[in-house]
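Peer 1: need a 3D model of the following:
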Amino acid sequence: MQRFKNLKLNPVERASMMPILYSYRRCPYAMRARMALKYAGIAVEHREIALRDKPKAMLLASPKGTVPVLCLGDQVIDQSLDIMQWALTQSDPNGWKNADESLARDWIEINDGPFKKLLDQYKYPNRHPELKQDDVLNAAMELMLKPIESALSSSQFLLGNQITWVDVAIFPFIRQFSMVNPEEFAKLPLPTTQKWLKHHLESALFQAVMEKHPAWIEPSIQS
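Peer 2: Numbering: from 1, shown residues only. Below is the predicted model of the structure:
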């Protein structure tokens, strides 16, 4: 279910016909939103944020203070999956939405829930000194990486031989996991997962949404 927020913007914001996207290049949630918007052919005004100096305009639109945030005139979508679904509602040329809803929900719930927790524990071991990295890796293997490997052993993508929004929603998190210790990840018994990951990393779509943007400088309001 999509969750939208209504927002009264200032006249300058309202006058802009182009959607505004607040994003952070390396955030996996923002990555999947950007990929869906790009795939759907939706041009946006990209506002790259600095995590330590978040724009007041973004916080006004979405007080939770996390990216991505998509502003559509007076309407705000501030959940990455909702942005993806909104984009695909506008245009879905290759049928990304042709996915079994129950299977899609199962994958996303695991990825965005317990796997994301393991990813954070794996990426930031100093924050979790009580945990052993090998144990975290093994848990991630059993929970997510081995099931992905199993799914990809019989089809090109997670839900069949056609890419769906589920692949795009999950890929940025597997990418992030693989980058924590690339040498260790390369040695894991995950040949089809690594092939799937490589496919997405080398895709024109991903390359396009990973272009670097300078941090957006919020204009000062003259009284």
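Peer 1: can you classify Ile163 by secondary structure?
Peer 2: coil (DSSP: H, G, I helix; E, B strand; the rest coil).
Peer 1: right, and it touches Asn94 too?
Peer 2: Yes. Ile163 lies in contact with Asn94 (CB atoms under 8 Å); the separation is 7.1 Å. Backbone N, C-alpha and C define where each C-beta goes, glycine included.
Peer 1: pick out whichever of those two has more residues nearby.
Peer 2: Remark: of Ile163 and Asn94, Ile163 carries more neighbours, 24 against 10, as counted by other CB atoms under 10 Å.
Peer 1: ok, what's across the strand from the closest residue to that one other than its chain neighbours?
Peer 2: Ranked by CB to CB, 6 or more residues apart in numbering and with sequence neighbours excluded, the top spatial neighbour of Ile163 is Phe157, at 5.0 Å. Note on Phe157: beta-bridge partners by DSSP bridges are Gly160.
Peer 1: neighbours around Phe157, how many?
Peer 2: Phe157: 18 neighbours (other CB under 10 Å).
Peer 1: OK, contacts around it?
Peer 2: Neighbour list for Phe157: Ile163, Thr164, Asp167, Trp196 [criterion: CB atoms under 8 Å, 6 or more residues apart in numbering].
Peer 1: state the distance from it to Phe206.
Peer 2: 15 Å (CB to CB, to the nearest Å).
Peer 1: Ala140 too?
Peer 2: Ala140 sits at a distance of 22 Å from Phe206 (criterion: CB to CB).
Peer 1: cool, Ala139 as well?
Peer 2: Ala139 is 27 Å from Phe206, by CB to CB.
Peer 1: rewinding a little: widest-spaced pair of the contacts of Phe157?
Peer 2: Farthest-apart pair in these is Thr164 and Trp196; separation 12.7 Å (CB to CB).
Peer 1: the chain: strands as residue ranges?
Peer 2: Ranges of strands in the chain, per DSSP state E, are 5-6, 20-23, 45-48, 69-72, 75-77.
Peer 1: out of those, which comes closest to Phe173?
Peer 2: strand 20-23 (16.3 Å).
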